[in-house]
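Undergrad: Dropping the sequence and predicted coords here.
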Amino acid sequence: MLRRLITLGCEYSDTKTLERKIILVNIAALLSIITTTAYYLLYLIYDNSALMFSGGCQMLLLPLFSLSLWNNYRGNFTSARWLLFLVAVISVLTAITTGQGTVFNTHFYFMLFAILPIALFRNEEWLSKAAMTSLNMIIYIYLEVFGWPHDPAMELLNQSQVMFLQVMVAASCISCLMILQSINEVYAEQAEQSLQRQAFTDGLTGLYNRRYFSIQLKQKMAQAPLCLLMMDVDHFKQVNDNYGHDAGDQALKHLAEVVTEHLRSNELFARIGGEEFALILPAKEARQRAEKLRLAIASTPLFYKSRRIDLTVSIGVYQKGNGDSEEDIMRGADKALYLAKVQGRDRVITNSAPEYKKTS
Ligand SMILES: Nc1nc2c(ncn2[C@@H]2O[C@H](COP(=O)(O)OP(=O)(O)OP(=O)(O)O)[C@@H](O)[C@H]2O)c(=O)[nH]1
């Protein structure tokens, strides 16, 4: 329920930035409703006529905060933002002018309202940002310099009650800023992670792409003895020619899934070219596992529009030697793969095989 309220209107947003701003407006509207109600309950406990009157006037404005949520729900984001700010400003002005004056430093809220437009309005709405910030700064400075007289009934409050309300005003301003800033941070982090994922992911198969693979290969080279496997689909052009390009795409996805099923979660597998894949495995088990992968692919046909498509792969395995660079490893695996192709495909060739050594 709370989650639904916070995300009202997000379904219309086409960017993460707009989504973040919609959520911020919803949270700010909910916080306004909660704090106004909490203050009013406190005023009732204090049983002070001036406070109850000013709090009562503020309570009359609560439906307007809900209207801001309603506007987001309807996709009217600009109206929602403006409404939120105007109602918030009017609500605090109401509290000050209907009895409270500036005794509790309630005018600190205008400092908060001067900062918030920077987070809530979009960059292209810079005029709204500037207008809101200036308006609130002017109100804050005026009230700070000249103050506002309070209702004589306020004198009936004791020292600790006044202090408690002053602390509440300061605490609620700081909490609002902290909540809104935390949401900004979470979104910024998510956006960065999502961009990074996109930059390193192959769009078709969801596997890592060549760029990520190269970076990881460099890092893994210093670790335990490793083997690089290069895998290429045999006669893949025929799949495209016979069944269509979409069938070819499905075949690549299918192959990625079959191989992934046979890997441990931390093993690096990537699509490094059209129908070419690369995989890093521990040296001592690489040959055996390459063979298992080849058999798994050959024995798991793809069914595309009720047609059976049999796929096979050729695999080149290269065990990293002392002093091998990243290029040496890539070149070695590529050569083993080439030999697997020329020897008839659907097979695994390693750099320890006699045919590999013969050609070096
Ligand atoms: N459907 C689809 N086809 C692709 C994709 N990327 C590359 N291809 C196709 O993959 C085919 C590769 O063909 P070739 O390099 O001749 O190799 P092959 O037919 O697999 O033959 P061998 O590798 O020699 O066994 C080409 O027809 C490309 O158009 C892709 O993302 N989707």
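TA: On my side now, so go ahead. What you see is a predicted model, and the numbers here were worked out from it, not measured in a lab.
Undergrad: what's the burial count for the residue in the stretch 1-150 of the chain positioned nearest to the ligand?
TA: For the stretch 1-150 of the chain, the nearest residue to the ligand under the criterion CB to the nearest ligand atom is residue 14, separated by 27.2 Å. Every residue, glycine included, has its C-beta placed from N, CA and C. Residues near residue 14, counting by other CB atoms under 10 Å, number 7.
Undergrad: Validate this expectation: it resides in a strand.
TA: No - going by DSSP: H, G, I helix; E, B strand; the rest coil, the assignment for residue 14 is coil, not a strand.
Undergrad: which bits of this structure sit near the ligand?
TA: 204, 232-237, 240, 245, 248-249, 252, 274-275, 341, 345 (CB under 6 Å from any ligand atom).
Undergrad: just checking, which of those belong to helices?
TA: Among the residues of the chain next to the ligand, DSSP state H puts 236-237, 240, 245, 248-249, 252, 341 in helices.
Undergrad: Show me which of the residues of the chain next to the ligand are buried.
TA: When the residues of the chain next to the ligand are checked for burial by 16 or more other CB atoms under 10 Å, the buried set is 232-234, 236, 248, 252, 275, 341.
Undergrad: Now do the closest residue to residue 228 other than its chain neighbours: how many residues are near it, please.
TA: The shortest distance from residue 228 to any non-neighbouring residue, by CB to CB, 6 or more residues apart in numbering, is to residue 333 (4.4 Å). Per other CB under 10 Å, the neighbour tally for residue 333 reads 26.
Undergrad: quick one: secondary structure of residue 280?
TA: strand.
Undergrad: give me every residue that touches the residue nearest to it when sequence neighbours are not counted.
TA: Nearest residue to residue 280 in three dimensions, chain neighbours excluded: residue 268, at 4.7 Å (CB to CB, 6+ apart). Contact partners of residue 268, counting by CB atoms under 8 Å, 6 or more residues apart in numbering, are 208, 213, 216-217, 220, 279-280.
Undergrad: you'd agree residue 103 is up against residue 159?
TA: No - counting by CB atoms under 8 Å, residue 103 does not reach residue 159; the two are 11.6 Å apart.
Undergrad: Looking at these two, which is more packed in?
TA: residue 103 (20 against 7).
Undergrad: which phi and psi does residue 45 have?
TA: phi -60, psi -40 (degrees, to the nearest 10).
Undergrad: burial of it, as a residue count?
TA: 10.
Undergrad: Tell me the confidence at it?
TA: At residue 45, the model reports a pLDDT of 95.
Undergrad: How much space separates it from residue 74?
TA: 37 Å (CB to CB, to the nearest Å).
Undergrad: swap in residue 83?
TA: Distance from residue 83 to residue 74, by CB to CB: 12 Å.
Undergrad: that's a helix at residue 36, yeah?
TA: Yes - with three-state DSSP as the criterion, residue 36 is part of a helix.
Undergrad: List the contacts of residue 52.
TA: Contacts of residue 52 (CB under 8 Å, 6+ apart): 40, 43-44.
Undergrad: What are the boundaries of the helices in this protein?
TA: Going by DSSP H, the chain shows helices at 2-6, 16-46, 49-60, 62-73, 77-95, 108-120, 126-146, 159-200, 210-220, 236-243, 245-261, 283-298, 326-342, 354-358.
Undergrad: To residue 228, which of the ones you listed lies closest?
TA: Across the helices of the chain, residue 228 has its closest neighbour in helix 326-342 (4.4 Å, CB to CB).
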